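Trainee: Just to be clear, the model below is a prediction. Sequence and coordinates:
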Amino acid sequence: MPRPVTVHVDVPLPREEVFEFLDVMANHESFNDHLMRRWELSGPPRGVGSKVRVHAKALGVEDEIDIEVVDAEAPTRIVERNVAAKAGRVGEGTYTLEPLPGAGTRITFTYRWLVAPLLDRLTAPLVRAYLRRNLGIAMRRLREQLTAGRA
């Protein structure tokens, strides 16, 4: 199984505000649309049970991915389970929100494989580097979304 990939970003906002933004599945499109297209939302708009079906192209492979929030604890954690139909991949993405000394929030996102197809296992260093780079982009875009229009 490939090792998990973890990225983080610091934002000058209280974690309650960050949690409120991340808790709404529709908000994720604005910082992840470089990875995933054609967002089809279902279930409740926020919280456990919130779902989206997306189409992704990664490393030359196209797939349809179902993502569902399976656990959340305000204002500290949101856990999403994702299933890539064609690849046979099952993963879990976890947002962890930690207060920073003084003010602000550190947003940490960890992706881990629950079921890794053979191709992911054989090319683990390449897959992990690709994910780290693109998840880092997503975190920077998230920071931009959260801080847009603020002094």
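Mentor: Nice, thanks for sending it over.

Trainee: Next up, the contacts around V54.
Mentor: 36-40, 64-65, 67 (C-beta atoms under 8 Å, 6 or more residues apart in numbering). C-beta here means a position set from N, CA and C on the backbone, and glycine is covered the same way.

Trainee: could you dump those residues to a markdown table with neighbour count, secondary structure and pLDDT?
Mentor: Shown next, in a markdown table, are these (neighbours: other C-beta atoms under 10 Å; DSSP: H, G, I helix; E, B strand; the rest coil; pLDDT from 0 to 100):
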| residue | neighbour count | secondary structure | pLDDT |
| --- | --- | --- | --- |
| M36 | 20 | strand | 90 |
| R37 | 13 | strand | 92 |
| R38 | 12 | strand | 93 |
| W39 | 16 | strand | 95 |
| E40 | 11 | strand | 96 |
| E64 | 15 | strand | 94 |
| I65 | 20 | strand | 94 |
| I67 | 22 | strand | 97 |
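
Trainee: Could you give the bridge partners of L41?
Mentor: For L41, the beta-bridge partners are V52 (DSSP bridges).

Trainee: Pick the one among the contacts of V54 closest to V48.
Mentor: Set against V48, the nearest of the contacts of V54 by C-beta to C-beta is I67 (12.8 Å).

Trainee: Excluding residues flanking it in the chain, which one is nearest that closest one?
Mentor: Leaving aside its sequence neighbours, I67 sits nearest to N82 (C-beta to C-beta, 6 or more residues apart in numbering; 4.5 Å).

Trainee: Name the SS class of the one you found, please.
Mentor: Classification of N82 using DSSP: H, G, I helix; E, B strand; the rest coil returns strand.

Trainee: and the contacts of V54 as JSON lines, adding distance to V18?
Mentor: Below are the contacts of V54 laid out as JSON lines (distance: C-beta to C-beta, whole Å):
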{"residue": "M36", "distance to V18": "21"}
{"residue": "R37", "distance to V18": "25"}
{"residue": "R38", "distance to V18": "26"}
{"residue": "W39", "distance to V18": "21"}
{"residue": "E40", "distance to V18": "25"}
{"residue": "E64", "distance to V18": "29"}
{"residue": "I65", "distance to V18": "24"}
{"residue": "I67", "distance to V18": "19"}
